[in-house]
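S.K.: Provided below are the primary sequence and the corresponding predicted coordinates.
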Protein chains: 2
Amino acid sequence: MRYAVGIDLGGTRIKGALVDGRGNLVTAAKTATAAAQGVEVVIERIRRLIAELLLSVPKGGTVVGVGLAVPGVIDMPSGTVLFLPNLPGGWSDVPLARLVGDHFGLPTHLLNDARAATLGEKRYGSGRNSRNMVCLTLGTGIGGGIIINDELYFGSEGTAGEVGHQTVELHGPPCNCGNEGCAEALASGPALAALAVKAVMQGATTKIRDLAEGDLNRITPKLVSQAAALGDPVALGIIRKVGGYIGTAIANLVAVLNPDMVVVGGGVAQAGPALFQAIEETVASRVHVAKGGRGNVVIVPAGLGEDAGVAGAAAWALERAGDSRS
Amino acid sequence: MRYAVGIDLGGTRIKGALVDGRGNLVTAAKTATAAAQGVEVVIERIRRLIAELLLSVPKGGTVVGVGLAVPGVIDMPSGTVLFLPNLPGGWSDVPLARLVGDHFGLPTHLLNDARAATLGEKRYGSGRNSRNMVCLTLGTGIGGGIIINDELYFGSEGTAGEVGHQTVELHGPPCNCGNEGCAEALASGPALAALAVKAVMQGATTKIRDLAEGDLNRITPKLVSQAAALGDPVALGIIRKVGGYIGTAIANLVAVLNPDMVVVGGGVAQAGPALFQAIEETVASRVHVAKGGRGNVVIVPAGLGEDAGVAGAAAWALERAGDSRS
């Protein structure tokens, strides 16, 4: 059996797994990123995690490479990190693939973390039966990826899939990216929490206040989801509103790409049925370009949860090594 | 030499050409659509146009098929017209490919007219050196098409490329498609003309009024462009505004698809440098996801003018016949 190591570098944690050709996570491990201690320390932690995972390769197994999912802009051909918006400085022009790969003598391939999650969902998760798929990861930001004819689509410079940076409101709120009115600015986790904070500050009667015990700092997307699960109308209204923004971004993707499946993952996707219902209603009301309006596209929750990134990173290393896709 | 007939069915005219494998229009012809006289008459006119074009096949030449560009929703595998929004009734479930192809004993293939124009620009026009390309046709509506890895991308049901039906303003004006805030609702030819009519009605001092000789019905996108070419500030302002809407739609496509080229054609694209300047400025200000923000994408005017549709339709027939691409 052939294996690959998948690594998912995040702002607070580095996750890793040894993955077999069928997408099974043979061993999984994680460590704190310690991003504040600088680039060298983070790279050393990635190396240690890989070394640990390599110890668990079953007898007779072959490791074909390492896939490394990175939260930012990279140059794929050279395996260089160009810009990581959520990690403290020093990450511009870091030849990360070489710095990690040379250490183990293993082919090491970088890819964007949202693209890794997309590939994970396509190969091993909710997207297995799709052919043309779009994936959105709803979290601190809104990332994504595109599958075309069963393959990850990178575009001309490797940045395709930035679905969260579609403008859906011409003069909407400023986005971290520098644009205004991006889906991310309206519907990310922080944007959702901000709507809840605003409601509480304006004196709304809501379980959000009770669950947060009056402390605005404790209002998170998860807490809003909890309030919604209790039937709280304010929380449900916020989730529906955010679902409308996300649904608009998805509607645009359906009009432009006519996918057969849209996979929605990330922490905010845990908000439950109210979110998905709002997404469905929005797509149905906005898309009128195919048979029956929106066509046959199905919108489904992601299936791999937090493992999508490591699974996809490993799948990428397996594919780069020429392994046939499962 | 191998040839194909390309037909571009429009609301007022049917255009046709005999095209060789290099994209040369050997013979071109056109006729009035006579759409009001019904489906039978239109089909008979298409047949007569094809018959006329076939007379001009050079000695020893082979015609491999007919490509038929249609302004609406089709089922590609069966060659059936499902819905033509701009032609009077009777066009639902018309097996047009069979009705035309059987008459001549030639393989006949339907495709959407904006996708045909996209393929024409890719094979023979401005897009020849692109690999991943998006095309927008700015006219009565805003159509488009997508080239991925040098091939027309149709999506899962053949409707991919509806770039004009991206929502760019959440609660924008109603669109003919049934959505609101579509790029088409804000920046089509009629939307541009409506901005000019409004300016004149509000009493603005503008050459638009003079050129229209005070007759609001004479205000067209072309007339606004003429006023802009004379340096009229109101006309220039309108074109810049529309360019901002179109630029926003293009910015979304750049973020999502990371193309190397965007080709902009159609009548409204004739508005000149002010339009393209506004598009460039908008894309630069809105896209921040690649190297240097917007990446290396170039935005260029279409190269084939009104011939893009027939050229692309013929290219499609040649490709379906297995001819290698030029």
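M.R.: Cool, the structure landed.

S.K.: nearest residue to A:Met261 other than its sequence neighbours?
M.R.: Distances taken as Cβ to Cβ, 6 or more residues apart in numbering or on different chains put A:Ser130 closest to A:Met261, at 3.8 Å, once the chain neighbours are dropped. Where you see a C-beta, it was placed from the backbone N, CA and C, and this is true even at glycine.

S.K.: For that neighbour, give me its contacts.
M.R.: A:122, A:147, A:259-261, A:263 (Cβ atoms under 8 Å, 6 or more residues apart in numbering or on different chains).

S.K.: can we see that at 7 Å?
M.R.: A:122, A:147, A:260-261 (Cβ atoms under 7 Å, 6 or more residues apart in numbering or on different chains).

S.K.: I'd like to know which of these is nearest to B:Gly38.
M.R.: For the contacts of A:Ser130, the residue nearest B:Gly38 by Cβ to Cβ is A:Asp260; the value is 35.9 Å.

S.K.: gap between the closest one and B:Gly158?
M.R.: From A:Asp260 across to B:Gly158, the span is 12 Å (Cβ to Cβ, to the nearest Å).

S.K.: The residue nearest to A:Met261: what secondary structure?
M.R.: Classification of A:Ser130 by DSSP: H, G, I helix; E, B strand; the rest coil places it in coil.

S.K.: can you check the one 5 residues further on too?
M.R.: Taken by three-state DSSP, the conformation at A:Cys135 corresponds to strand.

S.K.: The closest residue to it other than its chain neighbours: neighbouring residues, count only.
M.R.: Residue nearest to A:Cys135 in three dimensions, not counting chain neighbours: A:Thr118, with 3.9 Å by Cβ to Cβ, 6+ apart. A:Thr118 has 34 neighbouring residues, counting by other Cβ atoms under 10 Å in any protein chain shown.

S.K.: So A:His103: helix, strand or coil?
M.R.: A:His103 - assigned by three-state DSSP - is helix.

S.K.: ah, wrong one, I meant A:Ala204
M.R.: Going by three-state DSSP: A:Ala204 is coil.

S.K.: Read off the pLDDT value for it.
M.R.: If you check A:Ala204, the pLDDT there is 94.

S.K.: for A:Pro85, same thing?
M.R.: 81.

S.K.: again with A:Ser324
M.R.: We have a pLDDT of 58 for A:Ser324.

S.K.: What sits closest to the closest residue to chain B within the stretch 201-326 of chain A if chain neighbours are left out?
M.R.: Per Cβ to the nearest Cβ, A:Asn258 is where the stretch 201-326 of chain A lies closest to chain B, at 2.5 Å. Nearest residue to A:Asn258, sequence neighbours excluded (Cβ to Cβ, 6+ apart): B:Gly155, at 2.5 Å.

S.K.: ditto for A:Asp150
M.R.: A:Arg131 is the one closest to A:Asp150 (Cβ to Cβ, 6+ apart), at 5.8 Å.

S.K.: May I have the residues that are in contact with A:Val298?
M.R.: For A:Val298, counting by Cβ under 7 Å, 6+ apart, the contacting residues are A:Met261.

S.K.: Quick one: name the residues of chain A near chain B.
M.R.: Taking Cβ under 7 Å from any Cβ of the partner chain, the part of chain A that reaches chain B is made up of A:82, A:131-132, A:148, A:153, A:155-157, A:159-163, A:165-170, A:177-179, A:248, A:251-253, A:255-260, A:286, A:288-291, A:295-296.

S.K.: So which of these are in helices?
M.R.: If you go by DSSP state H, the residues of chain A next to chain B have A:248, A:251-253, A:255-257, A:286 in helices.

S.K.: May I see the PyMOL selection of the buried members of those?
M.R.: Buried members of these, defined by 16 or more other Cβ atoms under 10 Å in any protein chain shown, are picked up in PyMOL with:
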select buried, chain A and resi 248+251+252+253+255+256+257+286
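
S.K.: would you turn the ones in helices among the residues of chain A next to chain B into JSON lines with distance to B:Leu186 and pLDDT?
M.R.: As requested, these are arranged in JSON lines below (distance: Cβ to Cβ, whole Å; pLDDT from 0 to 100):
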{"residue": "A:Thr248", "distance to B:Leu186": "15", "pLDDT": "98"}
{"residue": "A:Ala251", "distance to B:Leu186": "16", "pLDDT": "98"}
{"residue": "A:Asn252", "distance to B:Leu186": "14", "pLDDT": "98"}
{"residue": "A:Leu253", "distance to B:Leu186": "19", "pLDDT": "98"}
{"residue": "A:Ala255", "distance to B:Leu186": "15", "pLDDT": "96"}
{"residue": "A:Val256", "distance to B:Leu186": "17", "pLDDT": "98"}
{"residue": "A:Leu257", "distance to B:Leu186": "21", "pLDDT": "98"}
{"residue": "A:Arg286", "distance to B:Leu186": "15", "pLDDT": "97"}
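
S.K.: how close does the residue sitting furthest away from the middle of chain A sit to B:Val100?
M.R.: Ranked by distance from the centre of chain A (Cα atoms, centre = their mean), the top residue is A:Gly203, with 34.0 Å. According to Cβ to Cβ, A:Gly203 and B:Val100 sit 68 Å apart.

S.K.: Check A:Leu223 too.
M.R.: Taken as Cβ to Cβ, the span from A:Leu223 to B:Val100 is 62 Å.

S.K.: and these two? which has more neighbours close in?
M.R.: Just comparing A:Leu223 and B:Val100: by other Cβ under 10 Å the higher neighbour count belongs to B:Val100, 21 against 17.

S.K.: ranges for the strands of the stretch 51-200 of chain A?
M.R.: Taking DSSP state E, counting those that start in this stretch, the strands of the stretch 51-200 of chain A run over residues A:62-70, A:73-75, A:80-83, A:108-112, A:133-138, A:142-148, A:151-152.

S.K.: With respect to burial, which of those strands scores highest?
M.R.: Ranked by mean neighbour count under mean count of other Cβ atoms under 10 Å in any protein chain shown, the strands of the stretch 51-200 of chain A are led by strand A:133-138, which reaches a mean of 30.

S.K.: what's the helix or strand for A:Gly244?
M.R.: helix A:233-257 (DSSP states H and E).

S.K.: Now that helix: buried residues?
M.R.: A:234-257.
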